[in-house]
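J.: Sequence and predicted structure, then a few things I'm wondering about:
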Amino acid sequence: MGKVIGPGSLIVDITGFAPHLPVAGETVKGSKIRFGPGGKGSNQMTAAHRAGAQAVIIGCRGEDVLGQILKDHYATEGMSEEYVAVLPEADTASALIEIDEGDAQNRIIVIFAANDMVKTEAVMAAEKDFIDSDAVLTQFETTTEAVLAAKKLAKKYNKPFILNPAPFVEVPNSLFDGVDYVTPNETEAEFYTGVKVDTIEDCRKAAEKFFALGVKNVVITLGVRGVFFTDGKEEIFVPALKVKAVETTGAGDAFNGGFATAIAEGYPVETALKFATCTAAISVTRLGSSPSMPYRGEILELLEKEFDIKL
Ligand code: RIB
């Protein structure tokens, strides 16, 4: 079993479903609303946990009614809350998510709240758990200083540092220096590199920009098309699997959690990309973000069926 650690967001997703998304000023009659555990960090760690990793998140939440939803999620999953600070004075973060029932696409407003309190000290307090980790995974829903602290510990203990630069936030270019794997989607890749990413040639150009910032490996997810990888020498493209999507919230998180799990287990990058592709494909066939993450057995079954890989 690989161990994946990193600072990450804990958020409660408040998700409304409607036949189409409203334009500004329009009111649309929706069909249902759901409250559930989410947040890119927590989704990614839940994906890693269910995919077979020991997943350790460093985060923060309030002691309120939304915090209870996250507490229950961690208890049900059997995931460690050792490094989840519970601050009575903080509001648990929330995300307002609108889902178009036609094409399963979403729009999200995130209120970071307690996630903004995940600082350097919180990451350093978990240092002992970086020593025997196998991969460090994080994203941009806590603070830049937490991400930098995680990178510092990953480098100190020579662990692969996987950065999902989502959502887009302004960060110093130096933050990318030394990142082992950066995993933007096409929109994030454009934000950070200035290259509009549509074709594979665009992916190559964006990757060059990341390399210039000091990134070692670039993984660009292209939604329903698939995923592009390059380390500057080798290129890999893995097409997405054709599935009937009901909700795409958390698909990128499923991919990152699956990818980190396979990297933590020491599999070659092509296997990790395919493992992650299967993780994401299953997640979009289910409702919710964290609750939609598949279990290892399901991922292995799809991996063998679609890619003829038996782990
Ligand atoms: O990536 C999906 C996640 O982004 C949702 O769970 C929501 O919490 C937002 O942070």
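T.: Here it is on my side, so go on.
J.: Skip the chain neighbours and tell me the closest residue to the residue of the chain found nearest the ligand.
T.: For the chain, the residue closest to the ligand is Gly38, as judged by C-beta to the nearest ligand atom, at 2.8 Å. All C-beta atoms are positioned from the backbone trio N, CA, C, and that covers glycine. If you skip the residues right next to it in sequence, Gly38 has Asp13 as its closest partner in space, 3.4 Å away by C-beta to C-beta, 6 or more residues apart in numbering.
J.: What parts of the stretch 51-200 of the chain come near the ligand?
T.: Ala95, Ile108, Val110, Glu141 (C-beta under 6 Å from any ligand atom).
J.: Please apply the same query to the stretch 201-311 of the chain.
T.: Thr249, Gly250, Gly252, Asp253, Ser289.
J.: Could you pull up the residues touching the residue of the chain closest to the ligand?
T.: Residues near Gly38 by C-beta atoms under 8 Å, 6 or more residues apart in numbering: Ile11, Val12, Asp13, Ala95, Ile97, Thr249, Gly250, Gly288, Ser289, Ser290.
J.: can you pick the most crowded of those?
T.: Highest neighbour count within these, by other C-beta atoms under 10 Å: Ile11, with 34 neighbours.
J.: before we move on, back to that, can you tell me which of the residues of the stretch 51-200 of the chain next to the ligand is nearest Ala280?
T.: When those are ranked by distance to Ala280 (C-beta to C-beta), Ile108 comes first, at 17.1 Å.
J.: beta partners of the closest one?
T.: Per DSSP bridges, the residues bridged to Ile108 are Ile97.
J.: All further residue positions should be reported with the first residue as 523.
T.: Yes, from this point I'll number from 523; that puts the last item at Ile630.
J.: For Val704, see how far away it is.
T.: Per C-beta to C-beta, to the nearest Å, Ile630 is found 21 Å from Val704.
J.: Give me the more crowded residue out of the two.
T.: Val704 (24 against 16).
J.: what residues are up against Ile555?
T.: Ile536, Thr537, Gly538, Phe539.
J.: measure the nearest residue to Ser602 once chain neighbours are set aside to Met601 for me?
T.: Spatial nearest neighbour of Ser602, chain neighbours left out: Val578 (5.7 Å); criterion: C-beta to C-beta, 6+ apart. Separation of Val578 from Met601 (C-beta to C-beta) stands at 8 Å.
J.: swap in Asp830?
T.: On the measure of C-beta to C-beta, Asp830 and Met601 end up 32 Å apart.
J.: Please say which of these two ends up with more neighbours.
T.: Counted by other C-beta under 10 Å, Asp830 and Met601 do not tie: Met601 has more neighbours, with 20 against 8.
J.: Pull out the buried positions in the helix or strand hosting Lys650.
T.: Using DSSP states H and E, Lys650 maps to helix 649-653. Neighbour-count burial for helix 649-653 flags Asp651, Phe652 (criterion: 16 or more other C-beta atoms under 10 Å).
J.: With stretch 613-632 instead?
T.: The neighbour-count check on stretch 613-632 (16+ other C-beta under 10 Å) flags 613-617, 619-623, 626, 628, 630, 632 as buried.
J.: ok, now stretch 600-616?
T.: Within stretch 600-616, judged by 16+ other C-beta under 10 Å, the buried ones are Met601, Ser602, Glu603, Tyr605, Val606, Ala607, Val608, Ala612, Asp613, Thr614, Ala615, Ser616.
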